[in-house]
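J.: with the input below, show me the fold.
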Amino acid sequence: MIKQFVRLAIVATVWRRYKASILSVLALLIFWFAVSFFHGEYISYAEATGERQHLAISFFIKWGLGIGALSLFILFHLGWLSKASEPEQPPEPEPSQFEKVKAKAKEKVADLNGEPEVPPAPKPGDEAYKPAEDPFASLRDKPKLRSRGDVELAKQKNS
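T.: Numbering: from 1, shown residues only. This next block holds a predicted model:
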């Protein structure tokens, strides 16, 4: 039971993923079979009636149709199928009329309240930029840094 379910799941997955490819290959093979069948019928007819003057043209038509079908098949798989497999990204949604009105109202309220605009934060290199005092400056000046463990070990050696 499980084995059949797994097979069905695999077949369904393959069908969903490769449906366009499978159908296009089947269409190409059916078309080639139909052209070959009708060409064979025409050859039988030409031999039965003795009219062989258009036999060469029938071969050109047969191979022309076959090459044309193959060309369409290749174009389908190289061009149209690759465009269809690329997921389209939805366009950025434009703000709704309500959101536009809301943003304008906020601007008007800010102007009426007299709220000053917040200047951008200063960047290094600007005159207004003053770096805060370095809290680790005292540690950098020490000749050797020692942890609590080092201090405890030194106490035990001295005792």
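J.: immediately after the least confident helix or strand in the chain by mean pLDDT, which helix or strand?
T.: One helix or strand of the chain scores below all others by mean pLDDT, DSSP states H and E: helix 81-85, with a mean of 57. Scanning forward in sequence from helix 81-85 by DSSP states H and E, the next helix or strand is helix 97-113.
J.: and that next one, how far out from the chain's middle?
T.: Taking Cα atoms, centre = their mean, to the nearest Å, the mean C-alpha location of helix 97-113 is offset from the chain mean by 38 Å.
J.: quick one: contacts of the helix or strand following that helix?
T.: Later in the chain than helix 97-113, the nearest helix or strand by DSSP H and E is helix 137-141. With Cβ atoms under 8 Å, 6 or more residues apart in numbering as the test, helix 137-141 has contacts from Leu145. (C-beta placed from N, C-alpha, C; glycine too.)
J.: using CSV, write out the CA atom coordinates for helix 137-141.
T.: Once non-C-alpha atoms are left out, helix 137-141 reads as follows in CSV (Å, rounded to 0.1, in the frame of the first residue of the first chain):
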residue,chain,number,x,y,z
ALA,A,137,41.9,53.9,27.7
SER,A,138,43.1,53.1,31.3
LEU,A,139,43.4,49.4,30.3
ARG,A,140,45.5,50.2,27.3
ASP,A,141,48.1,52.0,29.3
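J.: mean confidence score for the next helix or strand after that helix?
T.: On the C-terminal side of helix 137-141, the closest following helix or strand by DSSP H and E is helix 148-158. Computed over helix 148-158, the mean pLDDT rounds to 87.
J.: count of residues packed around Gly66?
T.: 16 (other Cβ atoms under 10 Å).
J.: pull the longest helix from this protein.
T.: Determined from DSSP state H, the single longest helix within the chain is helix 2-49.
J.: next SSE after that helix?
T.: helix 55-75.
J.: flag every buried residue along that following helix.
T.: Residues Lys62, Leu65, Gly66, Ala69 are the ones in helix 55-75 that count as buried (16 or more other Cβ atoms under 10 Å).
J.: was I right to think the second one contacts Phe38?
T.: No - assessed by Cβ atoms under 8 Å, Leu65 is found out of contact with Phe38, at 9.7 Å.
J.: just the mean pLDDT for the longest helix of the chain, thanks.
T.: Rounded mean pLDDT across helix 2-49 is 91.
J.: which other helices and strands contact it?
T.: If contacts are counted by 3 or more Cβ pairs under 8 Å, 6 or more residues apart in numbering; DSSP states H and E, helix 2-49 sits against helix 55-75, helix 81-85.
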